[in-house]
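Participant: next one to model:
(4 chains)
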Protein chains: 4
Amino acid sequence: MLYFRNDYGSGAHPAVLEALCATNDVLTPGYGTDPYCHQAAETVRTLCQSPQAAVHFLAGGTQVNKTAIYAFLRPYEAAISAGSGHICVHEAGAVEQDGHKIIALPSHDGKLTPGMLRAAMAGPLNEHTVLPRLAYISNTTELGTVYSGEELRNLGACCRELGLYLYCDGARLGSAMDAGGSCFPDYAAACDAFTIGGTKNGLLFGEALVIVNPALQPGFRNCMKQQGAMLAKGRLLGVQFQTVLQDGLYLRLASHANAQAGRLAAGLAELGIPLLAPAESNQVFPILPDAAVERLRKSAAFEVERKMDGGHTCIRFVTAWHTTPEDVDALLALLKGTGA
Amino acid sequence: MLYFRNDYGSGAHPAVLEALCATNDVLTPGYGTDPYCHQAAETVRTLCQSPQAAVHFLAGGTQVNKTAIYAFLRPYEAAISAGSGHICVHEAGAVEQDGHKIIALPSHDGKLTPGMLRAAMAGPLNEHTVLPRLAYISNTTELGTVYSGEELRNLGACCRELGLYLYCDGARLGSAMDAGGSCFPDYAAACDAFTIGGTKNGLLFGEALVIVNPALQPGFRNCMKQQGAMLAKGRLLGVQFQTVLQDGLYLRLASHANAQAGRLAAGLAELGIPLLAPAESNQVFPILPDAAVERLRKSAAFEVERKMDGGHTCIRFVTAWHTTPEDVDALLALLKGTGA
Amino acid sequence: MLYFRNDYGSGAHPAVLEALCATNDVLTPGYGTDPYCHQAAETVRTLCQSPQAAVHFLAGGTQVNKTAIYAFLRPYEAAISAGSGHICVHEAGAVEQDGHKIIALPSHDGKLTPGMLRAAMAGPLNEHTVLPRLAYISNTTELGTVYSGEELRNLGACCRELGLYLYCDGARLGSAMDAGGSCFPDYAAACDAFTIGGTKNGLLFGEALVIVNPALQPGFRNCMKQQGAMLAKGRLLGVQFQTVLQDGLYLRLASHANAQAGRLAAGLAELGIPLLAPAESNQVFPILPDAAVERLRKSAAFEVERKMDGGHTCIRFVTAWHTTPEDVDALLALLKGTGA
Amino acid sequence: MLYFRNDYGSGAHPAVLEALCATNDVLTPGYGTDPYCHQAAETVRTLCQSPQAAVHFLAGGTQVNKTAIYAFLRPYEAAISAGSGHICVHEAGAVEQDGHKIIALPSHDGKLTPGMLRAAMAGPLNEHTVLPRLAYISNTTELGTVYSGEELRNLGACCRELGLYLYCDGARLGSAMDAGGSCFPDYAAACDAFTIGGTKNGLLFGEALVIVNPALQPGFRNCMKQQGAMLAKGRLLGVQFQTVLQDGLYLRLASHANAQAGRLAAGLAELGIPLLAPAESNQVFPILPDAAVERLRKSAAFEVERKMDGGHTCIRFVTAWHTTPEDVDALLALLKGTGA
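Facilitator: Next comes the predicted model:
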């Protein structure tokens, strides 16, 4: 069975596993107060050229989005997101569970633009409405599209003008940086806070939250603990992030995944298979006849994105750091064989 | 530095780490729907003689307590706990954050009794008060004391009579079973739900939640996801729990920790050092002169429980699966040397 | 200054005030357990031909919507609403504050249809999404449009088929019944719960909540108290509702308001002024040149609904039980004069 | 039936009702933005000698406590209260419903002292605990005891020293001022925020919230709306408060109630009936034989406070602005007759 279901289907990259084994017997304090977390946080600050940033390590993506928005907003403030945003559709109402409305803006490519934010803030906003206070973006987006460094800077400037915090969900930040030509300092400059996703790029689990805006830093660990998001053996997160960030492995893994997706997209184009959105990163969304999708299920693992009109279905292929060129070739051969 | 700070200071037991390495390259579906979680859940049901139990794997103790109470209670219902209960004092208000009051009952030994529950339910209870609906116990307790199997059964019967759910926080369940002569089926019989703690007994992280009462089972995974408590690579939890539960390793590790604490308590008694509570499990609470505590800090890691009157301090020593008899002897020698 | 700003600009209808004065000195128990509330609840049950309905009296519209949805839904369940629904835009995130997402469906006339509900329930719905469980409608809608009795029955049948509760916000229920030919029993038959709005139809304040579905009745008063929605002198609500409901005054007041709005709409048509939505009840939404709106401000009180393209603005006129034909004529004369 | 059940058993004082009738036909904007509310707020600021205070009018006591604490605290912060505090026991978990723990301190007389606050803040407080940030007191207390002006000042100074906000629930503030010799400026000087209770002192309903601390003022109306606590016809609150505050009626009504309670307490002393707490204000808590309580039920309305040991029950008598000396004499005669 060819695996293109997602980028968190295996365990960890061997280097990560080795580092966990090598440090296993060291005894440390708990809850992220250990030397490994301190070192990894310092590495993040250096990479981001943001010496004052607060860096926290959490276990998962929904957890970090939920906890950050909970910590950053006052009770009556709301988040703005593209309608396809992860917090809008795939987190089971986690943000609302903490009391905050998400204002979902329609977006054909999963991205927010300054114009969309300006329109959302044009009002009327008053004490009978929620007050939008944070713009949530994900890079890469849920449709595999990518914000460039310039787009990030423009969004950041717009948010500052409008009095919005800019928060970037970087569950696939490595892929976004590789695809969009952005770098860590771009995020530190544009965003009030952002995450560096580990789960989908070689770690067993883990997301690093970088809080650049000093006003948002106080009390965050209290919020983490209250949300059940403070891991007893926090060191596990420090060790893993240090491993992938210290020497560029994080970006190499993402670049590999992107390259495989690029090969896949090229092959799909040769086969004349249309895509739902441009294949910019490690997610590819081909639209296939329903019958072809059914045949494909027997030999490949993938997810269905949505039913389309006219007997077609859009499915999602995801490549990962462990996807091989042979995997891609085999998938393309299958697609050719199914007459897709 | 001798390490008696807690039982989650190291990584994992070697067998757990080996299992994670051995399964690392297998590609599975996410979010706990993989074969490893299914197998571990089945192992739990078999050990508990509870074939209809729902078993979920979560990353941490606060997370599982919070999510369970959130899922089990209606909005206006409350939990009852001993005042020293973990949810009362060490979870940063996690239960209240989800809207539920905790009714804290004073308890000298950290335990609840049927009499205490009956008094709490004697009222007046009406629409102006919260309605107590769940009794929270921890076994072992935060003071290291232990409920026996019989005490559990009596509490369970009392809770059924009073219309309370009985929930047992088993962050140190192995230690409690070893010390109190209880077994998995005792918990399944007495409790509506309970946890099997992994973090403090040899896993990298992980708590298994066993929901015995069928009325409390629906919707739990939705609550998990909403709470940010559903790990993408849920398999990591399945693999780890299967490793320690399949052949009794879980109990052997706990038994070892208890034995070391027993040796430590015996040594303290010889030295004439009083304890805050009887040393029944793997936590020991000696009361020392403040100056002795200060001297001890230089050579041993431990936590301060509380300041006592008269220039004394109660501290906490915790033993773990990796504590050696030599560690205990060295600590006792230190204590002797400090003139404690 | 002509007053067309809203239908809650004055105090109460004289009969309501008289009843409050007449009962002022009677001493009763508090919190809605008094004879006046019991009598008014019985009147509601009789009018609705729903002898088993639970009837509660609350002070305001946001309060009753918030408390009802809070009481009816499990934590991970969501409400569906037209995008223009009061709970979506004018309640400051009150529903989200209690943890529930609102799924906003675009609707040109402020109404939900069975087709819209079916599409929303077509999924994918799973443990990563919220689960829609309640359809919120308002009758009349925020655009002044009206559901007929038949539309209500069709929605009710559709909701039962889809496993949704149907909740009708009847802040202007009298106006809806007068305009749409529906009657109290229609609501009891179609809805799981609905409100009878008093604030906008002659009371000082007050909304009656009718919970028809027995499964939704337990625990409601606990939720009321917890939400701060249980008035100490609940009797004030019982006295007022009994006054307007006992002899049809409620409908006569609404009918009067509708009639004045009808005269206003006819006059606007004569003047060739377009409307945002058909004028079916006591709210009328003319679209005027910006300059005309500015001139009108000097002599009439109204609210701005929204800016339109091309130098036009949509404003809202609301008639009430106390609006006179002379008020309407004077407003029309003003509009003629402003060259609107 | 003699009525000593509570101080909210009747409607309003005649002057309040007259004012509502006299202003009934005036058309105003809604939600507390009307001239009556502005005037009443100004009256409050003048009485309190606090020209910068923000003044809000809400409908009920639980509502104002809940909304204020919700608005004032960050998510992980907690309130401290005497164990008998209204927010602890009679608000159905309203504060916890918004996410905040209440730390309940045992208190024999329902009052907090600086010493109790210092002990509560002595820790350990860290990211695993909630952070106490607000001290809740009620004056008069739930036991009828009273803080003097000096006690208020001392508490205020202690709170500033400890970094706590001081919040005074003044549901019976008039009674407290009359009994304890405190005045409005004392509250403005000592507290960060406090309420002036109307419901229990002559209004139909209503509590005025005075937010003295400027840091706590922003966003409060958003919180009110979100909590369903913004009355559409907010003017009703402005009219009522202006009526009782403009010429001292508020204090005269409270003084009358206190005087009747004083006569009642003197009579009870003559009869040798012990009290649970000193009778300092308008609540009196006699302890009677159970049989006497049962006999008394036939002729008098009162509430049971709690069962005592040895066949006795503590009940509560409350006097109000409308309690007559004849009512008190009749009650005393009854008590004499029942052999209490």
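Participant: ok, A:Lys66 to chain D distance?
Facilitator: 12 Å (C-beta to the nearest C-beta, to the nearest Å). To be clear about C-beta, it is placed using only N, CA and C from the backbone, and glycine gets the same treatment.
Participant: next: A:Ala92.
Facilitator: A:Ala92 is 19 Å from chain D, by C-beta to the nearest C-beta.
Participant: and what of A:Gly144?
Facilitator: Applying C-beta to the nearest C-beta to A:Gly144 and chain D gives a distance of 34 Å.
Participant: which strand or helix spans that residue?
Facilitator: A:Gly144 belongs to no helix or strand when elements are defined using DSSP states H and E.
Participant: per-residue pLDDT of it, please?
Facilitator: Looking at A:Gly144, its pLDDT is 97.
Participant: okay, the closest residue in space to it that isn't next to it in sequence and chain D: tell me how far apart.
Facilitator: In space, and not counting its chain neighbours, A:Gly144 is closest to A:Gln283: 3.4 Å by C-beta to C-beta, 6 or more residues apart in numbering or on different chains. For A:Gln283, the distance to chain D equals 34 Å [C-beta to the nearest C-beta].
Participant: how about the secondary structure of the most centrally placed residue in chain A?
Facilitator: For chain A, A:Ala171 is the residue whose C-alpha lies nearest the centre (C-alpha atoms, centre = their mean; 2.1 Å). Under DSSP: H, G, I helix; E, B strand; the rest coil, the three-state class of A:Ala171 is coil.
Participant: A:Gly61 is in contact with that one, correct?
Facilitator: Yes: judged on C-beta atoms under 8 Å, A:Ala171 makes contact with A:Gly61 at a distance of 4.7 Å.
Participant: give the residues shared as contacts by these two.
Facilitator: Taking C-beta atoms under 8 Å, 6 or more residues apart in numbering or on different chains as the criterion, A:Ala171 and A:Gly61 both touch A:His86, A:Thr195, A:Gly197, A:Thr199, A:Glu207.
Participant: which residue is the nearest non-sequential neighbour of the third one?
Facilitator: In other words, A:Gly197. Going by C-beta to C-beta, 6+ apart, A:Gly197 has A:Ala171 as its nearest residue, at 3.9 Å.
Participant: same check on A:Ala279?
Facilitator: A:Ala265 (3.5 Å).
Participant: where does the one you found fall, secondary structure wise?
Facilitator: Going by DSSP H and E, A:Ala265 is in helix A:249-270.
Participant: okay, now stretch A:27-38: how far is its last residue from its first?
Facilitator: 15 Å (C-alpha to C-alpha, to the nearest Å).
Participant: cool, stretch A:112-132 as well?
Facilitator: 14 Å.
Participant: again with stretch A:3-17
Facilitator: End-to-end distance (C-alpha to C-alpha), stretch A:3-17: 21 Å.
Participant: that stretch and chain C, are they touching?
Facilitator: No: using C-beta under 8 Å from any C-beta of the partner chain, stretch A:3-17 never reaches chain C; the gap is at least 12.3 Å.
Participant: quick one: buried residues of that stretch?
Facilitator: Residues A:3-13, A:16-17 are the ones in stretch A:3-17 that count as buried (16 or more other C-beta atoms under 10 Å in any protein chain shown).
Participant: wait, A:Asp327 sits on A:Arg263?
Facilitator: No: checked against C-beta under 8 Å, the pair A:Asp327 and A:Arg263 is beyond contact range at 10.0 Å.
Participant: can you give me the helices in chain A?
Facilitator: Under the criterion DSSP state H, helices of chain A are mapped to A:14-22, A:35-48, A:61-72, A:86-89, A:94-97, A:114-121, A:149-162, A:173-180, A:184-190, A:220-226, A:235-245, A:249-270, A:290-297, A:325-337.
Participant: residue in the stretch 51-200 of chain A with the shortest distance to chain D?
Facilitator: Sorted by distance to chain D under C-beta to the nearest C-beta, the residues of the stretch 51-200 of chain A start with A:Tyr76, at 3.9 Å.
Participant: for chain A, which residues score under the pLDDT cut-off?
Facilitator: A:338-340 (pLDDT under 70).
Participant: and it, which of its residues are near chain D?
Facilitator: Counting by C-beta under 8 Å from any C-beta, the residues of chain A near chain D are A:31, A:70-71, A:74-76, A:99, A:127-128, A:131, A:219, A:221-226, A:230.
Participant: re earlier: is the residue nearest to A:Ala279 in contact with A:Leu275, as I believe?
Facilitator: Yes: between A:Ala265 and A:Leu275 there is a contact under C-beta under 8 Å: 7.1 Å.
Participant: what do the two both touch?
Facilitator: A:Val284.
Participant: of the two, who's got more company?
Facilitator: The residue with more neighbours, out of A:Ala265 and A:Leu275, is A:Ala265; 22 against 16, by other C-beta atoms under 10 Å in any protein chain shown.
Participant: the residue of the stretch 51-200 of chain A closest to chain D contacts A:His128, correct?
Facilitator: No: contact criterion C-beta under 8 Å: A:Tyr76 and A:His128 do not qualify, at 10.6 Å.
Participant: mind listing what the closest residue in space to A:His322 that isn't next to it in sequence touches?
Facilitator: Among residues not flanking A:His322 along the chain, A:Ser10 sits closest, at 5.6 Å (C-beta to C-beta, 6+ apart). A:Ser10 makes contacts with A:Ala320, A:His322, B:Asn24, B:Asp25, B:Val26, B:Leu27, as judged by C-beta under 8 Å, 6+ apart.
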